[in-house]
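> heads up, no residue letters with this:
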C-alpha cells in the first residue's frame, strides 16, 4: 500500500491490518518454535542412542577379549594343577622326572589345542626366518648349515612365528670351501 491508499482508508482499518500481520507472524513463529523443539528432542535422542551404541560396543569388545583369554588360559589350568601336585609329592627323582615329562606332554597338547606348533629344528636346514643361530659346531659328518642342536624351542601360531628357535648349526669346512 502506498501513502495515498492509506490516507483513503478509513481510520482504524490500518490497525486491523497490522494486527492481522502480527498474528500471522506469531503463528509462524510458534510453528517454527515447535519444529525447533522437535528437532532438538530428536537430536537428544540420537545422541543418547549413539552413546548407548558406543558403550555397548566397548562392552562387547571387552567380553570378546575375556572369552579369548578364557579359551587361552583354560588348557593350562590342568598343567598348573599337576605342577602343584608334583611339588607337594614325596616322590623319588625318577618319579618326579616322569611326572614332569607327563606335564610337559600335557603342556604341548594345550599349545596344540590353541594351534601353536613347535618349529622344526634338529636335522633341518637352517632357516633364518624361523631359526636363530647361537653358534656353530665344526663337523664333517653333517651338511653345512644343518641344525644340530636345539637350545630353546621356537613356536609358530598357524603361519605366524611367535618366537624363533635358538639353535647351533653345522659348520662343514669341506662343503664351504667347495
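Yep, it's here. Values in this document were obtained by computation on a predicted structure and should not be read as measured data.
> show me where the protein has helices.
Counting by DSSP state H, one finds helices in the chain at the ranges 3-8, 13-88, 93-113, 173-176.
> elements contacting the shortest one?
Secondary structure elements in contact with helix 173-176, counted by 3 or more CB pairs under 8 Å, 6 or more residues apart in numbering; DSSP states H and E, are absent; no helix or strand qualifies. From N, CA and C alone the C-beta is placed, and that goes for glycine too.
> hmm, who's touching it?
138, 140, 143, 144 (CB atoms under 8 Å, 6 or more residues apart in numbering).
> how distant is that helix from the center of its chain?
48 Å (CA atoms, centre = their mean, to the nearest Å).
> hmm, back to that, just the buried members of the contacts of helix 173-176?
By the neighbour-count criterion of 16 or more other CB atoms under 10 Å, the contacts of helix 173-176 include these buried positions: residue 144.
> so which of the contacts of helix 173-176 comes closest to residue 103?
When the contacts of helix 173-176 are compared for distance to residue 103, the smallest value, 35.7 Å, is given by residue 143; criterion: CB to CB.
> now that closest one, what are its backbone angles?
For residue 143, the backbone dihedrals (degrees, to the nearest 10) come out as phi -60, psi 150.
> please list all residues in contact with it.
Listed by CB under 8 Å, 6+ apart, the contact partners of residue 143 are 125, 170, 172, 175.
> cutoff 10 Å now
Under the criterion of CB atoms under 10 Å, 6 or more residues apart in numbering, the neighbours of residue 143 are 125, 169, 170, 172, 175.
> quick check: closest non-adjacent residue to the fourth one.
In other words, residue 172. Setting aside the residues directly before and after it, residue 172 is nearest to residue 144 in space (CB to CB, 6 or more residues apart in numbering), at 4.2 Å.
> hmm, back to that, can you put the helices of the chain in TSV and add distance to residue 155 and mean neighbour count?
As requested, the helices of the chain are arranged in TSV below (distance: least, CB to CB, whole Å; neighbours: other CB atoms under 10 Å):
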stretch	distance to residue 155	mean neighbour count
helix 3-8	97	9
helix 13-88	14	11
helix 93-113	7	13
helix 173-176	30	10
